[in-house]
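**Q** fold the following.
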Amino acid sequence: MSAPAVTSNDIILTGDRTTGPLHLGHFVGSLQNRVRLQDVCKQYLLLADAQALTDNMGNIAKVRDNVIQVALDYLAVGIDPAKSTIFIQSLVPELTELFSYYLNLVTVARLERNPTIKDEIKLRGFERDIPAGFMTYPVAQAADITAFKATVVPVGADQIPMIEQTNEVVRKFNASVDAEILVECRALVPENGSRLPGIDGKAKMSKSLGNSLTLGASADEISKAVKMMYTDPNHLRVADPGQVEGNVVFTYLDVFDTDIEKVAEFKAHYQRGGLGDSVIKRYLEERLQALLEPIRTRREALAADPAAVMEILRQGTDKAREQTAATLDAVKRAMGIVYF
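**A** From the prediction side, this is the model:
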């Protein structure tokens, strides 16, 4: 991870949009870190259903139903509710109230310049038909972060502009009330700084693109996904030299196989020719099956008792509201709008 290191004094705020079960890209990019961080500092995990609605109002049921799916993924990979607070965003109204105040500190022009927003708008093909909630979600994210006085936010490199905009909101608010009420945060980016590519070789793994492998995937689904993985389109015969760069199978082996020397041998053999795609795919499948089988087993056991999972979320949401209520009260008092 990037320096400076996280300490026991830090407060972590992170989460995921509830638009689908989590996949291997999430596991590499964030979930492993969250499991580790819960033993180091105070951590809040947000199930971002309200944020997911900013571009899913036509499919509200999917967003709602995936609240428990994402929660199952968290618990299955080792998030401990005794150490991390897991909560549902839409059930914490203090976040919405903070968001409404912060909107007055941000201009439309500034939101349009946010590189992350620009990229997401292009990806979704909104052009000028942009839902207002989607355009302003950097401000909503600022409310999420500052409500918990988070000092560290684990994000991908593409999300750094969101953290910068959050800190702009913090500085503008504190200046407007002439007091240090809100706390600035810093981004914590994984060392590799990049996303796990989709199985089709595209830069981003995404369920909507059909190129992901979920954490709860069955053995057959894992096998099928590996067989479909993008390799070297010019490696037509086993005897032909193959390209390692951009070859998704080798990208995944670099991430998921701890035997670095073995992977290096495979790469050298592939580059000089004589190693078939089926051999390296079979080897990768063994690694992924070993990784995902225990996660899938735990997930299935947890899914058998959805009421217990919901109780974890209820308790976490109650705990989250205690913190956000305290922050909101401090914000309103600083603004002078506590009248009674």
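
**Q** buried sites along the longest helix out of those in the chain?
**A** In the chain, with assignment by DSSP state H, the single longest helix is helix 306-335. Within helix 306-335, the residues scored as buried using 16 or more other CB atoms under 10 Å are 309, 312-313, 316-317, 320-321, 323-324, 327-328, 331, 334. Using the backbone N, CA and C atoms, a C-beta is placed for each residue, glycine as well.

**Q** contacts only, for residue 289.
**A** By CB atoms under 8 Å, 6 or more residues apart in numbering, the contact set of residue 289 is 219, 222-223.

**Q** correction: the previous question concerned residue 15.
**A** The neighbours of residue 15, taking CB under 8 Å, 6+ apart as the test, are 44-48, 89, 144.

**Q** again, but for residue 260
**A** Applying CB under 8 Å, 6+ apart to residue 260 gives no contacts.

**Q** in strands, which of the contacts of residue 15 fall?
**A** Residues of the contacts of residue 15 located in strands (DSSP state E): 44-48.

**Q** now, among these, which is nearest to residue 154?
**A** Relative to residue 154, the closest of the ones in strands among the contacts of residue 15 is residue 45; by CB to CB it sits at 10.5 Å.

**Q** is it correct that residue 14 falls within a strand?
**A** Yes. Remark: residue 14 belongs to a strand, assigned using DSSP: H, G, I helix; E, B strand; the rest coil.

**Q** for it, give the beta-bridge partners.
**A** Residues in a beta bridge with residue 14, per DSSP bridges, are residue 45.

**Q** in this structure it contacts residue 153, no?
**A** Yes. With contact defined as CB atoms under 8 Å, residue 14 counts as touching residue 153 (6.3 Å).

**Q** hmm, back to that, quick one: the longest helix of the chain to chain centroid distance?
**A** Relative to its parent chain, helix 306-335 has a centroid offset of 21 Å by CA atoms, centre = their mean, to the nearest Å.

**Q** by contact count, what packs against it?
**A** With contacts defined as 3 or more CB pairs under 8 Å, 6 or more residues apart in numbering; DSSP states H and E, the packing partners of helix 306-335 are strand 42-48, helix 60-77, strand 84-88, helix 93-102, helix 137-147, helix 160-177, helix 277-303.

**Q** so for the fourth one, mean pLDDT?
**A** In this case it means helix 93-102. Mean pLDDT, helix 93-102: 98.

**Q** so what touches the following helix or strand past that helix?
**A** Downstream of helix 93-102, the next assigned helix or strand under DSSP states H and E is helix 108-113. The contact list for helix 108-113, computed with CB under 8 Å, 6+ apart, reads 117-118, 135-136, 138-139, 165, 168.

**Q** quick one: buried ones out of these?
**A** Neighbour counting by 16+ other CB under 10 Å classes 117, 135-136, 138-139, 165, 168 among the contacts of helix 108-113 as buried.

**Q** how long is stretch 187-205 end to end?
**A** End-to-end distance of stretch 187-205 (CA to CA, to the nearest Å): 22 Å.

**Q** mind listing what's buried along that stretch?
**A** For stretch 187-205, by 16+ other CB under 10 Å, it's 187-190, 195-199, 204-205.

**Q** now stretch 204-219
**A** For stretch 204-219, a neighbour-count test (16+ other CB under 10 Å) marks 204-207, 211-217 as buried.

**Q** which one of the residues you listed is nearest to residue 124?
**A** Closest approach between the buried residues of stretch 204-219 and residue 124, by CB to CB: residue 206, at 11.6 Å.

**Q** the closest residue to residue 246 other than its chain neighbours in helix, strand or coil?
**A** With sequence-adjacent residues excluded and distances taken as CB to CB, 6 or more residues apart in numbering, residue 246 is closest to residue 201, at 6.7 Å. With three-state DSSP as the basis, residue 201 sits in coil.

**Q** which residues are in contact with stretch 133-144?
**A** Residues from elsewhere that reach stretch 133-144 (CB under 8 Å, 6+ apart): 13, 15, 46, 48, 50-51, 53-55, 89, 95-96, 98-99, 102-103, 106, 108, 111-112, 114, 116-117, 120-121, 126, 161-162, 165-166, 169-170.

**Q** in ChimeraX, select just the buried ones from those.
**A** To isolate the buried ones among the contacts of stretch 133-144 in ChimeraX, judged by 16+ other CB under 10 Å, type:
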select :13,15,46,48,50,51,53,54,55,89,95,98,99,102,106,111,114,116,117,120,121,161,162,165,166,169,170
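
**Q** sounds good, over and out.
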